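> sequence and predicted structure, then a few things I'm wondering about:
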Amino acid sequence: MTEPVKKAFKVRIYPTPDQQAQINKTIGCARWVYNHFLAWHVEVYKAEKRYMSYTECSAMLTQIKATPNTGWLAEVDKFALQNSLKDLDESYKNFFEGRAGYPKFKSKRGPKQSYQTNLTNNNIRIDVKHHRIKLPKVGWVEYAADGREIGNIINVTVSRTPSGKYSASILCQVKIKPLNVATGEVGIDMGLKKFAILSSDEVVENPQYYVKAQEKLTKLQRTYSKKKKGSKNREKARIKVARQHEKVVNQRRDFQHKVSKKLVDENKVISMEDLRIKNMVKNRKVAKAISDAGWGEFRRMVEYKATWYGRTVVIIDTFYPSSKLCGKCGTKNAMLTLSVREWQCPVCGTIHDRDINAARNILAEGKRILAS
Ligand SMILES: [Zn+2]
C-alpha cells in the first residue's frame, strides 16, 4: 500500500516553566471558548429557537478577541480557539444526529486537558536533529525522540496529564512501508481471564494491569485523602495517584499495540466479535474487568493497523452464538452455560474447549461473510 495514510505519533515534550505557563493558558482559553459558546448556544436557542452555525460563532470569536476585557484570548494560539469551536460544532452534530448526548461543559479538572493546533504556513516545525518541535506562540520545545520517522504534519494536539506531564500527539500524512504478504486467517474470542483466545489455539493472557496496581493505588489514594486540603503535601500525594493511574493506562496501551501488531503481521483475515453486548454487562465487578481489558480500544487498534497494511477485519454480529455452536457439525448447544469450560457435542460427540471452539466459529463465520 503506497497511498499515504494519517498516523498519529505521540511524544513526550519537555516545555520550560514559561512554556508550560503558555500551554496551560492556551488549554484554559480553549476550554473557555468551548464553554462560553456552549452557554451562548443555549441562550440563542431559548430566544430564537435556532442553532448557530460554525461560521457565525467564528465571526463572534473574532469580535470577542478584539474586546478589551476578553483581549487575553488574543495572546494564545488562534488555531487552538478555532479548533475548540469546531469541536463544539462537532459535539452538536453528534447530538442532532443521535450519536451522543447534549454537549457538556468542559471541566478544569477533567483527565483530558488539551488543545489542538494546525499546520499553516510553516507555523509548526520539527527539528529532528535536536529533537525539538516548534509550536505556535510556545516556541521550540524539546521532545523525547524514539527513532520514528515523522511525516508531513497535519495537526498537533498538546496535552497535559493530571500528574503534570506534557505530550504532543502529531498527526501526520505518512507512507506506510508494506508488510510481507500474510497468509494466515484468525478468529479471536475476547475474554477476561484470558485476553484473547485465537482459532489457532494460541492464548493471549490478560496482564490485568489495573487489578495488579489496585493495592498500590488504594494505598496512595488513602495517603492523599488524609493530607490537609490545600496543602503542598496533598498536591504531592495527588500527583502520585495520578502517575500510578497513567502508568496503568500506558502499560495497557503498549500491550494492546503489541498484540494487535502481531495479529496484523501474521494474518490477512482477522475475524472478531462485535463486543457491544459483552460490554453492556451490568455487574460492576465484570464491567471493571472489561475496562481493564480495554476491548474497545483493542478493536480500534486492530482495525486501523489492518487498514494501513491492507488486511481484512470482519466483525461478527453480536447475536452470533459463537460459544454454543459445535464447530464440527454445527449443532447449537442451547443448554451451554457460562461456567462450562469443556463440553461434548450431543450429536457428533466432539469434545470442545469452550473458548477455542468459539474462536474457530468466529473465524468460520467471518469467512462465510467474506465469501457471500
Ligand atoms: Zn457436533
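Okay, I see it. Numbers count the residues shown, from 1 in each chain.
> okay, CA-based contacts and neighbour counts for the rest of this
OK.
> for Lys7, phi and psi?
When quoted as degrees, to the nearest 10, the phi and psi of Lys7 stand at phi -140, psi 140.
> so Ala289 touches Phe195, yeah?
No. In this structure Ala289 lies outside contact range of Phe195 using C-alpha atoms under 8 Å: 10.6 Å.
> quick check on Ser167: phi, psi?
phi -150, psi 160.
> got it, and Thr337?
phi -100, psi 170.
> and it, how many neighbours does it have?
10 (other C-alpha atoms under 10 Å).
> that one and Ile154, how far apart?
Separation of Thr337 from Ile154 (C-alpha to C-alpha, to the nearest Å): 50 Å.
> so, low pLDDT: which residues of the stretch 151-300 of the chain?
Within the stretch 151-300 of the chain, the segments meeting pLDDT under 70 span 276-285.
> make it 80
Applying pLDDT under 80 to the stretch 151-300 of the chain picks out residues 275-293.
> residues in the protein within reach of the ion, list them.
Contacts of the chain with the ion, taken as C-alpha under 5 Å from the ion, map to Cys326, Cys329, Cys345, Cys348.
> quick one, what contacts the second one?
Cys329 is in contact with Val347, Cys348, counting by C-alpha atoms under 8 Å, 6 or more residues apart in numbering.
> buried ones in the lengthiest helix in the chain?
The longest helix of the chain (DSSP state H) is helix 232-266. Across helix 232-266, burial judged by 16 or more other C-alpha atoms under 10 Å covers 234-235, 237-246, 248, 252-253, 256-257, 259-260, 263-266.
> backbone phi and psi for the residue lying closest to Gly101 once chain neighbours are set aside, please?
In space, Gly101 comes closest to Phe95 once its chain neighbours are excluded; the distance is 5.4 Å by C-alpha to C-alpha, 6 or more residues apart in numbering. The phi/psi pair for Phe95 (degrees, to the nearest 10) reads phi -70, psi -50.
> Phe95 reaches Tyr102, doesn't it?
Yes. Counting by C-alpha under 8 Å, Phe95 touches Tyr102, with 5.7 Å between them.
> for the ion, what's its nearest residue on the stretch 101-250 of the chain.
Ser199 (17.0 Å; C-alpha to the ion).
> how close does Val249 sit to Ala293?
Val249 sits 11 Å away from Ala293, taking C-alpha to C-alpha as the criterion.
> ok, Ala30 next?
Note on Ala30: its distance to Ala293, by C-alpha to C-alpha, is 33 Å.
> and Thr350, what is it in contact with?
Counted by C-alpha under 8 Å, 6+ apart, Thr350 has contacts Cys326, Lys328, Gln344.
> gap between it and Gly330?
11 Å.
> equivalent analysis for Leu363, please.
Counting by C-alpha to C-alpha, the gap from Leu363 to Gly330 is 14 Å.
> neighbour count winner among the two?
Shown here are Leu363 and Gly330; by other C-alpha under 10 Å, Leu363 has more neighbours (28 against 13).
> ok, how many other residues are close to the closest residue to that one other than its chain neighbours?
Sequence neighbours aside, Gly187 is the residue nearest to Leu363 in space, at 4.0 Å (criterion: C-alpha to C-alpha, 6+ apart). Using other C-alpha under 10 Å, Gly187 has 30 neighbouring residues.
> which SS class is Gly187?
strand (DSSP: H, G, I helix; E, B strand; the rest coil).
> got a list of what His257 touches?
Phe298, Met301.
> dihedrals phi and psi, Glu273?
Here is the backbone geometry of Glu273 (degrees, to the nearest 10): phi -80, psi 150.
> is it correct that it is in contact with Pro321?
No. Glu273 is beyond contact range of Pro321, at 10.2 Å (criterion: C-alpha under 8 Å).
> which one's more surrounded, those two?
Glu273 (25 against 14).
> thinking again about what came up before, just the buried residues from the contacts of Thr350, in PyMOL please.
To isolate the buried ones among those in PyMOL, judged by 16+ other C-alpha under 10 Å, type:
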select buried, resi 326
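> ok, now how distant is Val204 from Asn180?
Distance of Val204 to Asn180, computed by C-alpha to C-alpha: 23 Å.
> the two: who's more crowded?
Ranked by neighbour count (other C-alpha under 10 Å), Val204 and Asn180 place Val204 first, with 15 against 9.
> residue contacts, Val313?
Counting by C-alpha under 8 Å, 6+ apart, Val313 makes contact with Val269, Ile270, Ser271, Met272, Val302, Glu303, Ala306.
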